[in-house]
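*Asks:* Take this sequence and fold it.
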Amino acid sequence: MLEYLGVSDQSLPLGFAEDGPPPISDGGFIKIPFHHEVPQTLSTPPVSFSREWLMEKATSLRDLALVAAPDDAMSPTINAFNICLIDKNQSLTNHSEIMVLMDDNKLRIGRATRDAGVVTIAFDRIGAQPIVKTGRNADSVRPLGRVIWILKSL
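*Replies:* Numbering: from 1, shown residues only. Okay, the predicted model is just below:
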């Protein structure tokens, strides 16, 4: 028997498939969808999460999505194509967080801050230069969510 997350078909949360929210299996595991704004090569999520674990990590299951890292800018922390679980209910602050961002229509993952109108995106890869944007350029950086978990392959 499959149970749904208490969301009616008429009020689907943003980012969930049109045919309904992800089902919870009999074992209590949830498949989180890929972020609706980011093209993916995988058609279905490669991993399921326990509902209890997810509720410890995020305030709402509806705010969770998966994103594949577009490059190795955050290596060794996040490598290209690693799957990241993000909380979409997060915005840029003056505290550095690993964020998934759209920057001039380019997907980026980096340690991002916004302070006094200045957006800084720093990367973990040795030798990678941070991106600093001010004024209107800072407004072009749009957070998609904060990374709360990474699926790495060996």
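*Asks:* Just checking, which helix or strand succeeds the helix or strand hosting Met99 along the chain?
*Replies:* For Met99, the host element (DSSP states H and E) is strand 97-103. Note on strand 97-103: by DSSP H and E, the next helix or strand toward the C-terminus is strand 106-115.
*Asks:* can I get the CA coordinates of the helix or strand that that next one is followed by in CSV?
*Replies:* Heading C-terminal from strand 106-115, the first helix or strand you meet, by DSSP H and E, is strand 118-122. Extracted in CSV, the C-alpha atoms of strand 118-122 (Å, rounded to 0.1, in the frame of the first residue of the first chain):
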residue,chain,number,x,y,z
VAL,A,118,27.5,41.9,-2.4
VAL,A,119,27.2,38.3,-3.4
THR,A,120,30.3,36.1,-3.1
ILE,A,121,30.5,32.6,-4.4
ALA,A,122,33.6,30.7,-3.3
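*Asks:* Let's verify the residue most central in space within the chain: helix, strand, or coil?
*Replies:* For the chain, Ile86 is the residue whose C-alpha lies nearest the centre (CA atoms, centre = their mean; 2.9 Å). Here Ile86 takes the strand state, with states given by DSSP: H, G, I helix; E, B strand; the rest coil.
*Asks:* Over to His36?
*Replies:* coil.
*Asks:* Next, work out how far apart it and Ile30 are.
*Replies:* Counting by CB to CB, to the nearest Å, the gap from His36 to Ile30 is 17 Å. No exception for glycine: its C-beta is placed from N, CA and C like everyone else's.
*Asks:* For the chain, which residues score under the pLDDT cut-off?
*Replies:* Counting by pLDDT under 70, the chain has low-confidence residues at 1-27, 41-43, 154.
*Asks:* now could you export just the CA positions of the helix ranked longest in the chain as CSV?
*Replies:* In terms of residue count, the longest helix belonging to the chain (DSSP state H) is helix 51-57. Taking C-alpha atoms only, helix 51-57 is exported to CSV below (Å, rounded to 0.1, in the frame of the first residue of the first chain):
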residue,chain,number,x,y,z
ARG,A,51,10.9,10.3,6.3
GLU,A,52,12.3,10.6,9.8
TRP,A,53,15.8,11.5,8.5
LEU,A,54,14.4,14.0,6.1
MET,A,55,12.3,15.7,8.8
GLU,A,56,15.5,16.2,10.8
LYS,A,57,17.2,17.9,7.9
